[in-house]
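Colleague: Kindly return the folded structure for what I paste below:
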Amino acid sequence: MVWEVFVRDIRQRAVKLRETLIQLGPFYVKLGQALSTRPDILPSVYCQELSKLQVVVSVISDECGVWVPVRVPQHMND
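Modeller: Numbers count the residues shown, from 1 in each chain. Below you'll find the model as predicted:
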């Protein structure tokens, strides 16, 4: 029971980290992408969650300078 709570909590924290990195902008998304390949630094749960950042492409609006995360369509990954 305690282990299940810990595992669920670590997954929630990993998701929150990924979401926070996206909100912080392109530099932090790149940092998260790099960290996703380093299981020697982060637990595997974090690496799996941060690997989702590999499909995030940044789009910067010239009009207002806002960075918007965009997901790459699956057919482009093949």
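Colleague: What are the boundaries of the strands in the protein?
Modeller: With strands called from DSSP state E, the chain shows them at 56-60, 67-71.
Colleague: ranking those strands by mean pLDDT, which is last?
Modeller: Considering these one by one, the lowest average pLDDT is found for strand 56-60, at a mean of 55.
Colleague: quick one: residue 46 and residue 14 touch, right?
Modeller: Yes: Residue 46 is within contact range of residue 14, at 4.7 Å (criterion: C-beta atoms under 8 Å). (Each C-beta comes from the backbone N, C-alpha and C, glycine too.)
Colleague: how about low-confidence regions in this protein?
Modeller: Low-confidence regions of the chain, defined here as pLDDT under 70, cover residues 1-7, 56-78.
Colleague: now do 90
Modeller: 1-11, 22-27, 29-30, 53-78 (pLDDT under 90).
Colleague: Regarding it, what is its longest helix?
Modeller: Counting residues, the longest helix found in the chain (DSSP state H) is helix 2-24.
Colleague: Show me what counts as buried in that helix.
Modeller: Along helix 2-24, the positions that meet the burial threshold by neighbour count (16 or more other C-beta atoms under 10 Å) are 14, 17, 18, 21, 22.
Colleague: which residues touch the first one?
Modeller: Contact analysis of residue 14 by C-beta atoms under 8 Å, 6 or more residues apart in numbering lists 45, 46, 48, 49, 50.
Colleague: separation between the first one and residue 10?
Modeller: Look at residue 45 and residue 10: by C-beta to C-beta, to the nearest Å, they are 5 Å apart.
Colleague: same check, this time on the fourth one
Modeller: Here the distance between residue 49 and residue 10 works out to 10 Å (C-beta to C-beta).
Colleague: The contacts of residue 14, buried ones only, as a PyMOL selection?
Modeller: In PyMOL, a selection of the buried entries from the contacts of residue 14 looks like this (16+ other C-beta under 10 Å):
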select buried, resi 46+49+50
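Colleague: Of the contacts of residue 14, which is the nearest to residue 26?
Modeller: Sorting the contacts of residue 14 by distance to residue 26 puts residue 50 at the head of the list, at 14.9 Å, by C-beta to C-beta.
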